[in-house]
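*Asks:* Take a look and give me a structure for this.
(one chain, ligands or ions: 2)
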Amino acid sequence: MKISFEFVVSFAVFFWLGFCTGWCQEDDTRWWRGNLHTHSLWSDGNDFPEMIAKWYLDHGYHFLALTDHNVLSQGQRWMDLSTIEERGGGVAMEKYRSAFGQNWVETREKPNSVKGERQVRLKPLNEFREKLEAPGKFLLIEGEEISDRSQEVPVHLNATNLSAMISPMGAATVPEAINNNLRAAEEQARQNGEPILVHLNHPNFGWAVTAEELAGVTNERFFEVYNGHPSVNHLGDETRPGVEKMWDIVNTIRLDQFKAKPMFGLATDDSHNYHGRPGSHTGRGWVMVRTEKLDPRSLIEAMNQGDFYSSSGIELQSIHFDQQRNTLSLKIKSQAGATYSTQFIGTKSNYARRSVVQLDSKSNPIRATRVYSKDVGAVLATSTSLEPSYQLIGDELFVRAVVTSSRDHADPSFPGQKEQAWSQPFGWKTIVR
Ligand SMILES: [Zn+2]
Ligand SMILES: [Zn+2]
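*Replies:* Ligands and ions are numbered 1, 2, ... in the order given. You can find the predicted model right below:
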């Protein structure tokens, strides 16, 4: 059989259009898995930072930011052995010695101690980094949970890729506190010529931040759509929306009223407990960032572009937004025995704008996110395909995808939790000024 040149060309074009559109990697990028919220003995966690880093390395992560409260893992720090054993349930030292060897562990008698109490040295990041890091395989990033307060509520922001600690800046109001800390990080980034990623943590922890407040601080581009700590009120309550709904409210206000860029959502562990006690654990929430190289600058630049997704158990092969076809497409890596449901969530530009303030039992307004119509963060389409896609009609302010597995989360942080993955919002670029 004679195969004509035209046949070969049309077959190649057909193959390209049919199989490659949206899926083929046009560059050398890949997905890197990381957690940007972790606590150690440097603040209120109950394990040594190198033990925690080793856990992430051993469990398939590529990067980890150590983010203790108002402290960096730098300088000299000795801690009472009794405190470590009490926090770690009596097993922290034994596990530490067996993982890193007796010679690695530094102890001393506590200065001026009458009873001869022992202390253990907490190693700074620059001393243990080289034991765990490997180029293109695993990266440790210095960070801090800037733990501020305003209006009697906690205002916590994680700053990733710091060289010096940022003291909480404080302010009269929650939005000002967010803004002040953000500016301090921006100033350090400018001075060092190194990017710093600042994300707002757990907005519903202590019912600290409302959607309207967060919408107004338009310079803050990142927040935690999922935080693995069980006390962060992920699902909200009868008067306050869950964190995912808050995200949609924030992005609706930003795009509709301010013509400002939307916020991107991270999943994190906020891990404190490493010895099996109830609380916040490793492995509940992470981000997958798409870059060529594994270094802080590349990761942060990719996240600034929205080139990442968040997960509590689901892996995606690809997320692609086709500008020409105005279509958001995902490819889900299926796991044995699981089925998947993808919701495409968004707000249309003609949404019902009326919102109502929340009142207490005496009809006084309370400090909480207002109640919005169902149009805000509405489910625009649902798919059970492993390759779900949504073509925008053109009247959407934004569209995002959330994939939910039929599988229960192995270590849930809230009742009934299923494994999920969250895309960033798409389809908004023509709206932003
Ligand atoms: Zn916090
Ligand atoms: Zn934290």
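
*Asks:* got the buried residues for the helix or strand where A53 lies?
*Replies:* Taking DSSP states H and E as the definition, A53 sits inside helix 49-58. By 16 or more other Cβ atoms under 10 Å, the buried positions in helix 49-58 come out as P49, E50, M51, I52, A53, K54, W55, Y56, L57. Where C-beta positions appear, they are placed from N, C-alpha and C, glycine not excepted.

*Asks:* Tell me what L328 is bridged to.
*Replies:* When bridges are assigned using DSSP bridges, the partners listed for L328 are F321, Y390.

*Asks:* and the residue in the stretch 201-350 of the chain that ligand 1 sits nearest to, what pLDDT?
*Replies:* Using Cβ to the ion, N201 is the residue of the stretch 201-350 of the chain that sits closest to ligand 1, at 4.7 Å. Per-residue pLDDT puts N201 at 98.

*Asks:* leaving aside the residues next to it on the chain, what's closest to it?
*Replies:* Using Cβ to Cβ, 6 or more residues apart in numbering and skipping the chain neighbours, the partner closest in space to N201 is H156 (4.1 Å).

*Asks:* what sits against the residue in the stretch 301-433 of the chain positioned nearest to ligand 1?
*Replies:* With Cβ to the ion as the measure, the residue in the stretch 301-433 of the chain that lies nearest ligand 1 is S413; the distance is 14.0 Å. For S413, the set of contacting residues under the criterion of Cβ atoms under 8 Å, 6 or more residues apart in numbering consists of N227, G228, H229, P230, V232, H234, S280, R284.

*Asks:* pLDDT score for it?
*Replies:* Among the per-residue scores, S413 holds a pLDDT of 98.

*Asks:* how much space is there between the residue of the stretch 201-350 of the chain closest to ligand 1 and T268?
*Replies:* N201 is 8 Å from T268, where distance means Cβ to Cβ, to the nearest Å.

*Asks:* what do those two both touch?
*Replies:* Both N201 and T268 are in contact with H37, N158, E224, N227, where contact means Cβ under 8 Å, 6+ apart.

*Asks:* May I see the domains of this protein written out as residue ranges?
*Replies:* Described in terms of automatic domain parsing, the domain architecture of the chain consists of the residue ranges 26-77+122-422, 78-121.

*Asks:* just how off-centre is the longest one within its chain?
*Replies:* Translated: domain 26-77+122-422. Shown here is domain 26-77+122-422, whose average C-alpha point lies 3 Å from the average C-alpha point of the whole chain (Cα atoms, centre = their mean, to the nearest Å).

*Asks:* Okay, buried residues for stretch 395-406 please.
*Replies:* Within stretch 395-406, judged by 16+ other Cβ under 10 Å, the buried ones are E396, L397, F398, V399, R400, A401, V402, V403, T404, S405.

*Asks:* got it, and stretch 161-178?
*Replies:* The neighbour-count check on stretch 161-178 (16+ other Cβ under 10 Å) flags N161, L162, M165, I166, P168, M169, A171, V174, P175, E176, A177, I178 as buried.

*Asks:* Report the contact partners of the fifth one.
*Replies:* Counting by Cβ under 8 Å, 6+ apart, P168 makes contact with N70, I146, S147, D148, R149, A177, N181.

*Asks:* Check the secondary structure at S310 for me.
*Replies:* The three-state label for S310, taken from DSSP: H, G, I helix; E, B strand; the rest coil, comes out as strand.

*Asks:* Quick one: neighbours of it, just the number.
*Replies:* Residues near S310, counting by other Cβ atoms under 10 Å, number 23.

*Asks:* I figured it hits W422, correct?
*Replies:* Yes: with contact defined as Cβ atoms under 8 Å, S310 and W422 form a contacting pair (4.5 Å).

*Asks:* what about the closest residue to L386 other than its chain neighbours, which helix or strand?
*Replies:* By the measure of Cβ to Cβ, 6+ apart, the closest residue to L386 outside its immediate chain neighbours is I332, 4.8 Å from it. With secondary structure defined by DSSP H and E, I332 is part of strand 327-333.

*Asks:* hmm, which two among the contacts of P168 are most spread apart?
*Replies:* Greatest spacing in these, by Cβ to Cβ: N70 and A177 (13.7 Å).

*Asks:* tell me the phi and psi of the closest residue to ligand 1 within the chain?
*Replies:* Evaluated by Cβ to the ion, the chain has H156 as its residue closest to ligand 1, separated by 3.5 Å. Note on H156: its backbone torsions stand at phi -110, psi 130 [degrees, to the nearest 10].

*Asks:* Likewise for S98?
*Replies:* phi -70, psi -30.

*Asks:* Name the SS class of the residue nearest the centre of the chain, please.
*Replies:* Among the residues of the chain, L266 comes closest to the average C-alpha position under Cα atoms, centre = their mean, at 2.4 Å. The local conformation at L266, judged by three-state DSSP, is strand.

*Asks:* What's the separation between it and H199?
*Replies:* Using Cβ to Cβ, one obtains 6 Å as the distance from L266 to H199.

*Asks:* Can you check which residues contact both of the two?
*Replies:* L36, F222, F223, E224.

*Asks:* Does the last one touch F205 like I think?
*Replies:* In this case it means E224. No: using Cβ under 8 Å, E224 makes no contact with F205, being 9.4 Å away.

*Asks:* For these two, work out which one has more neighbours and name it.
*Replies:* Set side by side, E224 and F205 give different neighbour counts by other Cβ under 10 Å, the larger being at E224 (29 against 21).
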